[in-house]
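Participant: Test case, fold it:
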Amino acid sequence: MSDNGQHCQFAPTRAQIEALALGALARLPDPFRSHLSNVVLFVEEFADAQVLKEMEIDDPFGLTGLYTGRPVGDPVQTGDSPPTVHLFRRPLLDEWIETGVPLDALITHVVVHEIGHHFGLSDIDMHVLEDMVAP
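Facilitator: Numbers count the residues shown, from 1 in each chain. This next block holds a predicted model:
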């Protein structure tokens, strides 16, 4: 795979997607990075059926990422699971092929959007942050 994942002979693996996501997280400005130590990153093939049902998404290719957890600043409750970012490999690869957007840029977009939920950012703020960490 090339640096941006655009020219590869085989579909990028979960590990390669994870590496691109970790690269995007590493490019976040310090004030954000300092609040990510407890965020867990998962790369899965697809969202599970229960998640799709709860989100009222019929097509498993319709969800590329998901944040679960309490945003920064919300009081922690006993029994809370750590905040998580889920990336869904097959929908990401499908969007990559359909749009022609470089894979690293697509992964950055999804990661920043999901991390934006962790910080309670608006969509406009997420776009500004995405521009700051663009590959």
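Participant: need the longest helix for this structure.
Facilitator: helix 103-119 (DSSP state H).
Participant: I'd like to know which elements that helix is packed against.
Facilitator: Packing partners of helix 103-119 (3 or more C-beta pairs under 8 Å, 6 or more residues apart in numbering; DSSP states H and E): helix 14-26, strand 65-68, strand 84-88, helix 89-99, helix 123-133. The C-beta positions use only the backbone N, C-alpha and C, and glycine is treated the same way.
Participant: pLDDT score for the residue nearest the centre of the chain?
Facilitator: For the chain, residue 111 is the residue whose C-alpha lies nearest the centre (C-alpha atoms, centre = their mean; 2.9 Å). We have a pLDDT of 95 for residue 111.
Participant: Give the full set of residues in contact with the residue of the chain most remote from its centre.
Facilitator: Within the chain, the residue lying farthest from the chain centre (C-alpha atoms, centre = their mean) is residue 78, at 26.0 Å. Neighbour list for residue 78: empty [criterion: C-beta atoms under 8 Å, 6 or more residues apart in numbering].
Participant: if we can go back for a sec, quick one: closest of the helices and strands packed on helix 103-119 to residue 107.
Facilitator: helix 14-26 (4.2 Å; C-beta to C-beta).
Participant: tell me the angle of that closest one relative to strand 84-88?
Facilitator: 130 degrees (axes from the mean of the first three to the mean of the last three C-alpha atoms, to 10 degrees).
Participant: Helix 14-26: which residues count as buried?
Facilitator: Counting neighbours by 16 or more other C-beta atoms under 10 Å, one finds that the buried residues in helix 14-26 are 16, 17, 18, 19, 20, 21, 23, 24, 25.
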